[in-house]
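*Asks:* Here is my input, please return the structure:
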Amino acid sequence: MAVDGPWKLTVNTPMGQQESTLVIAASGATLTGTQSAGHGEGKPIEGGSVSGNEIAWSASITKPMPMTLKFTGTVDGDKLEGSVKLGMFGSAPFTGVRA
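*Replies:* Next up, the predicted model:
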């Protein structure tokens with residue numbers, strides 16, 4: 001399953017919808033790339049992995065407070081959906097479309 005390229009993500013958090021841009025590339029079982037929110041510069045993702053059409057990665061944020069977000073999702077063509085662990089705030093669903 002091809003996962004490479006830019007994705008527009010929407011996370012449904014307790015604070016409302018949060019959007020970000022994910023730009024990723026797979027090499028074997030390793031996923032690399034950047035994720036950015038708003039108009040900010042993309043920060044490298046961490047611990048990225050690929051297994052079939054399943055992908056996972058972590059992203060560190062500083063706003064609204066410092067935490068590491070842990071994403072797990074399934075790619076289906078030009079769609080991506082899954083869940084993200086929001087630190088001590090539990091989990092939230094996310095969706096993505098290829099940009």
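*Asks:* Could you list the low-pLDDT ranges of the protein?
*Replies:* Filtered on pLDDT under 70, the chain yields the residue ranges 1, 39-40.
*Asks:* Closest to the centroid, which residue in it?
*Replies:* In the chain, the centroid-proximal residue (C-alpha atoms, centre = their mean) is Phe71; its distance is 5.4 Å.
*Asks:* Let me see the ranges of the strands in the chain.
*Replies:* Assigned by DSSP state E, the strands in the chain fall at 5-13, 16-27, 30-37, 43-44, 46-51, 54-61, 67-76, 79-85, 91-98.
*Asks:* Output the contacting helices and strands for the fifth one.
*Replies:* Put plainly, it is strand 46-51. Strand 46-51 is packed against strand 30-37, strand 54-61, with contacts defined by 3 or more C-beta pairs under 8 Å, 6 or more residues apart in numbering; DSSP states H and E. In short, each C-beta sits where N, CA and C put it, glycine included.
*Asks:* Let's have these in TSV, adding distance to Phe89 and mean neighbour count.
*Replies:* Shown next, in TSV, are these (distance: least, C-beta to C-beta, whole Å; neighbours: other C-beta atoms under 10 Å):
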stretch	distance to Phe89	mean neighbour count
strand 30-37	16	17
strand 54-61	12	18
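*Asks:* Cool, thanks, talk later.
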